[in-house]
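> Structure here, sequence nowhere to be found:
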DNA sequence: ATGGTTGGAAGCCAA
């Protein structure tokens, strides 16, 4: 027995409703983390799934769909800044483990308050995950991290160095999180370059495979021990009117 | 080559 957990930035749940339904119908997904809902309310997707979500008007928004109804909301915001009202964080408890879905700030353009917000958000995330580590709570965190971990995770490292997604400060913060003892689950099973989860809508990025790997699952040690597989499913990116992201799917043993 | 495209908003912003 195993569980499949997927993460997908859908770039508007309203615009991608049928895609999400098709994805759920063709994969045996137990939990689906969604990002960029771009709306306050959440639509009826399937009678087979329970939705926990945190939305806002027009921007951001995260949801966790689950076959299991016994998920318990721990938090729908990231601690550390009472003035932060962006819907980017969802933490639930299920079966003794913590499931965390994030839509980490993009941070562009560099040199603006947006980049400061991203870095501070990552510092707050580190503090939260360090708490869970100290409490010995097994967890997995998935979502759109808006972070390119390494050169092999983008088509043009030199170009991306001048972007908030691969800026040295961004990568430093990401490594700090990893150094809590977390594992980039995808890299346990696949060391190939040119394995991407996002392709820009512009300039033929998808047909030319000019993409970046910014959607991740990170697992705490107890969950890492249970990893069965972690793959990027490129199929939905090839559908008509797709999201610019494609799902990443993680499988863990019971 | 500072463009190109998409979604939600409202008559631009974020990605």
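Good, I have the coordinates. All values reported here derive from a predicted model rather than from experimental measurement.
> Against DNA strand B, how distant is residue A:209?
Using C-beta to the nearest atom of the strand, to the nearest Å, residue A:209 is found at 16 Å from DNA strand B. C-beta: built from backbone N, CA, C; applies to glycine.
> Please tell me how far that residue sits from residue A:153.
13 Å (C-beta to C-beta, to the nearest Å).
> In the stretch 1-150 of chain A, which residue sits closest to DNA strand B?
The minimum distance from the stretch 1-150 of chain A to DNA strand B, using C-beta to the nearest atom of the strand, falls at residue A:12 (2.9 Å).
> Look at the residue nearest to that residue when sequence neighbours are not counted and say how many residues are nearby.
Nearest non-adjacent residue to residue A:12, counting by C-beta to C-beta, 6 or more residues apart in numbering: residue A:38, 4.3 Å away. By the criterion of other C-beta atoms under 10 Å, residue A:38 has 19 neighbours.
> Tell me the predicted confidence for residue A:38.
Residue A:38 is assigned a pLDDT of 98 by the prediction.
> Just the element for it, please.
Per DSSP states H and E, residue A:38 falls between elements, in no helix or strand.
> cool, residue A:174 as well?
Short version: residue A:174 belongs to helix A:168-178, going by DSSP H and E.
> How about residue A:118?
Using DSSP H and E, residue A:118 falls in helix A:113-134.
> neighbouring contacts of that helix?
Residues from elsewhere that reach helix A:113-134 (C-beta atoms under 8 Å, 6 or more residues apart in numbering): A:78-81, A:84, A:88, A:98, A:102, A:104-109, A:139, A:141, A:146, A:164, A:167, A:169-170, A:173-174, A:176-177, A:180-182, A:220.
> need the residues of the stretch 1-150 of chain A near DNA strand B, please.
Contacts of the stretch 1-150 of chain A with DNA strand B, taken as C-beta under 7 Å from any atom of the strand, map to A:11-12, A:14-15, A:36, A:38-40, A:57-60, A:105-106, A:108, A:114.
> Please repeat the previous calculation with a cut-off of 6 Å.
Counting by C-beta under 6 Å from any atom of the strand, the residues of the stretch 1-150 of chain A close to DNA strand B are A:11, A:12, A:14, A:15, A:38, A:39, A:57, A:58, A:59, A:105, A:106, A:114.
> if we can go back for a sec, which ones are touching the residue of the stretch 1-150 of chain A closest to DNA strand B?
A:36, A:37, A:38, A:39.
> ok, which stretches of the stretch 1-150 of chain A are strands?
Assigned by DSSP state E, counting those that start in this stretch, the stretch 1-150 of chain A shows strands spanning A:2-9, A:31-35, A:50-54, A:62-66, A:72-75, A:89-94, A:97-103, A:139-144.
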